[in-house]
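*Asks:* when you get a sec, could you give me coordinates for this:
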Amino acid sequence: MKQPLNLNINGENRLMLVEPYYSLLDCLRDEAQLTGAKKGCDEGDCGACTVLMDGKPVTSCLVLAHSAHDAAITTIEGLAGVDGLSPVQKAFVEHGGLQCGFCIPGLIMSATGFLQDNPDPTEEDVRFAIGGNLCRCTGYQRVVEAVMAAAQEIRETR
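*Replies:* So this is what the prediction gives:
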């Protein structure tokens, strides 16, 4: 039986009716119609469904939607601002850190959360931070370059 759930998604409070067993991923995709987070493995292994929950990257397929009721959820759709793409999104485009696009929202969300806590990473730090995100297309080098470039831009604008 569906129960009411109020979620703060991308800064907007949204009231939905959600089954108690729904994952945050299913809620975002099916109820909120935000399809940027992808359903990959549905087991928390691939990272395609990564979103920020209170600023920290989480695999949304492993979070029960009702357990996120007091959290601020940020999806890939909520990263770009009125000034355009976020520094991480922009760097992924500029450095070719994307190919087919399936895993990219999760990678961008993981990198965004990571850079909030560590704006001056080493390449090794970046590789560790994105270690939970699987990508079959890029080989990761351009992703790492993009995250390093985004880190530099973030540092310069602070």
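
*Asks:* isn't residue 85 right up against residue 76?
*Replies:* No - using Cβ atoms under 8 Å, residue 85 is not in contact with residue 76, being 10.8 Å away. C-beta coordinates here come from the backbone N, C-alpha and C atoms, glycine included.

*Asks:* so between these two, which is more surrounded?
*Replies:* Using other Cβ atoms under 10 Å, the more surrounded residue of residue 85 and residue 76 is residue 76, with 24 against 15.

*Asks:* quick one: terminal-to-terminal distance for stretch 8-26?
*Replies:* End-to-end distance for stretch 8-26, by Cα to Cα, to the nearest Å: 15 Å.

*Asks:* what's the offset of it from the middle of its chain?
*Replies:* In terms of Cα atoms, centre = their mean, to the nearest Å, the centre of stretch 8-26 is set 16 Å apart from its chain centre.

*Asks:* repeat for stretch 54-68
*Replies:* For stretch 54-68, the distance to the chain centre is 11 Å (Cα atoms, centre = their mean).

*Asks:* what's the answer for stretch 141-151, then?
*Replies:* Distance, stretch centre to chain centre, for stretch 141-151: 16 Å (Cα atoms, centre = their mean).

*Asks:* contacts for stretch 53-72, please.
*Replies:* For stretch 53-72, the surrounding residues in contact (Cβ atoms under 8 Å, 6 or more residues apart in numbering) are 3, 5-8, 11, 18, 20-28, 37, 39, 41-44, 47, 49-52, 73-74, 109-110, 112-114, 116, 132.

*Asks:* pull the longest helix along the chain out as CSV, backbone CA atoms only.
*Replies:* For the chain, the helix that runs over the most residues, judged by DSSP state H, is helix 141-157. Only the C-alpha atoms of helix 141-157 are listed here, as CSV (Å, rounded to 0.1, in the frame of the first residue of the first chain):
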residue,chain,number,x,y,z
GLN,A,141,41.7,8.3,-18.0
ARG,A,142,39.6,11.1,-19.5
VAL,A,143,37.2,10.9,-16.5
VAL,A,144,40.2,11.4,-14.2
GLU,A,145,41.4,14.3,-16.3
ALA,A,146,38.0,15.8,-16.2
VAL,A,147,37.7,15.5,-12.4
MET,A,148,41.2,17.0,-12.0
ALA,A,149,40.3,19.9,-14.2
ALA,A,150,37.0,20.5,-12.3
ALA,A,151,39.0,20.5,-9.0
GLN,A,152,41.3,23.1,-10.4
GLU,A,153,38.3,25.3,-11.5
ILE,A,154,36.6,24.9,-8.1
ARG,A,155,39.8,25.9,-6.3
GLU,A,156,40.2,29.0,-8.6
THR,A,157,36.7,30.2,-8.0
